[in-house]
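Chemist: predicted model follows, preceded by the sequence.
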Amino acid sequence: MGEAVEIIYTNGFSKLCSQPTHPNLDQSSSWYEETIDDDLKWSFALNSVLHKGTSEFQDIALLDTKRFGKVLVIDGKMQSAEVDEFIYHECLIHPSLLCHPLPRNVFIMGGGEGSAAREALKHNSIEKVVMCDIDQEVVNFCRTYLTVNQDAFCNKKLNLVINDAKAELEKRTDKFDIIIGDLADPVEGGPCYQLYTKSFYEQILKPKLNDNGIFVTQAGPAGIFTHKEVFSSIYNTIKQVFKCIRPTLLYRC
């Protein structure tokens with residue numbers, strides 16, 4: 001049996017924030033503000049607040065910003081922006097699929113906004129994409145309001161599952177050429193923490209990869225001053241399970 005390969009892609013923009021705030025999302029508000037660090041915030045001028053909602057797991061908002069178009073905000077943290085989210089999602093998805101000789105099936109952990117599935121479905125060899133997200137409300141929200149992903153949600157190759165990704169992988173009997181972690185950072189006590197542990201990688205995820213299968217995950221910011229937030233711990237955990245590891249840093253100019 002061939003050794004499964006693991007690749008890490010980490011982004012330095014849309015999931016950088018480590019100290020979430022609760023911005024003023026009243027319809028009358030003209031700015032969205034989020035704290036990045038004790039001495040740093042970013043602010044975006046708004047056209048309007050398109051929608052707000054609360055699920056069993058998190059608060060959700062869709063903002064129409066003047067500079068970056070529609071912006072998805074979950075629990076006070078900006079997840080992606082319409083104008084540039086493709087940078088993160090293309091770099092998360094395409095390198096692993098291009099490295100694989102013939103990827104036919106993909107399992108996405110998280111990815112409720114549909115962008116990771118959208119990019120995977122661009123590959124002609126793909127026969128099935130399983131997208132497993134724990135939050136039905138987030139999926140419904142994004143399916144309704146993020147028009148850029150509506151074709152992906154309607155694609156017959158997409159198998160949408162609402163479940164905890166750990167439980168879903170554990171019970172499945174099929175295996176995958178590519179498994180992707182499009183998840184929030186592993187904050188202890190958070191919903192994604194168990195999907196970054198050695199026992200999960202070793203006992204549940206790795207056995208669900210086909211021969212020469214590839215696992216790729218976002219791993220938080222990896223800059224000189226930020227790599228200790230989550231990147232180093234994720235990298236050190238994964239290298240105990242997988243033999244071939246390729247960390248990659250993504251910059252946005």
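Modeler: Looks like it came in fine.

Chemist: where do the strands sit along the stretch 1-150 of the chain?
Modeler: Under the criterion DSSP state E, counting those that start in this stretch, the stretch 1-150 of the chain contains strands at 5-11, 31-37, 40-54, 59-65, 69-74, 77-81, 105-110, 128-133.

Chemist: can you give me the buried ones in the fifth one?
Modeler: Along strand 69-74, the positions that meet the burial threshold by neighbour count (16 or more other C-beta atoms under 10 Å) are 70, 71, 72, 73, 74. (Glycine included, C-beta is placed from N, CA and C.)

Chemist: residue 169 contacts residue 204, doesn't it?
Modeler: Yes - counting by C-beta atoms under 8 Å, residue 204 is a contact partner of residue 169 at 5.3 Å.

Chemist: remind me which residues of the stretch 51-200 of the chain are low pLDDT?
Modeler: Scanning the stretch 51-200 of the chain for pLDDT under 70 picks out 186-191, 193.

Chemist: please redo it, this time with the cut-off set to 90
Modeler: Applying pLDDT under 90 to the stretch 51-200 of the chain flags the ranges 51-62, 72-80, 82, 84, 87-88, 135, 137-138, 140-142, 144-148, 183-197.

Chemist: helices of that one, start to end?
Modeler: In the stretch 51-200 of the chain, the helices defined using DSSP state H, counting those that start in this stretch lie at 85-99, 115-120, 136-145, 150-154, 165-171, 198-199.

Chemist: so what's the residue count around residue 84?
Modeler: Using other C-beta atoms under 10 Å, residue 84 has 13 other residues around it.

Chemist: try residue 233
Modeler: 15.

Chemist: show the pLDDT at it.
Modeler: On pLDDT, residue 233 comes in at 85.

Chemist: what helices or strands is the helix or strand that contains it leaning on?
Modeler: Counting by DSSP states H and E, the element that carries residue 233 is helix 231-238. In terms of contacts (3 or more C-beta pairs under 8 Å, 6 or more residues apart in numbering; DSSP states H and E), helix 231-238 is packed against strand 5-11, strand 244-250.
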